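Participant: Provide a 3D model corresponding to the input given below.
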Amino acid sequence: MPKKLQTCDFKETVAARVQKAPAFAQALLDEAITLFINGEPNSAKLVLRALVNPTMSNISAVFAAIKRHLNVEVHMQVVMA
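Facilitator: Numbers count the residues shown, from 1 in each chain. Down below sits the predicted model:
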């Protein structure tokens with residue numbers, strides 16, 4: 001009889017990696033901000049769920065809290081398309 005594969009919950013796996021790898025958490029934050037600024041708030045929300053469970057009404061507070069927790073600054077640059 002084949003061995004049954006043990007699977008992990010995706011959310012638990014990502015949450016564990018966020019706790020162990022600050023660079024991974026920073027990459028998620030960067031991606032979420034980029035998506036949000038580029039007019040894709042629903043996609044940004046999905047990415048942020050790996051870090052927290054945000055609602056659109058408090059997304060600014062979520063970004064601020066994550067920045068404080070990671071001790072990072074967010075810089076934006078507008079370029080002509």
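Participant: so which strand or helix has residue 73?
Facilitator: For residue 73, there is no enclosing helix or strand under DSSP states H and E.
Participant: so how many other residues sit close to it?
Facilitator: Here the number of neighbours of residue 73 (other CB atoms under 10 Å) works out to 6. Glycine gets a C-beta too; all of them are placed from N, C-alpha and C.
Participant: Any stretches of this structure with poor pLDDT?
Facilitator: 1-8, 10-11, 50-58 (pLDDT under 70).
Participant: Give me the longest helix you can find in it.
Facilitator: The residue-count maximum for a helix in the chain (DSSP state H) belongs to helix 22-37.
Participant: Which of the three states applies to residue 75?
Facilitator: Following DSSP: H, G, I helix; E, B strand; the rest coil, we place residue 75 in the coil state.
Participant: Also residue 39?
Facilitator: Under three-state DSSP, the three-state class of residue 39 is coil.
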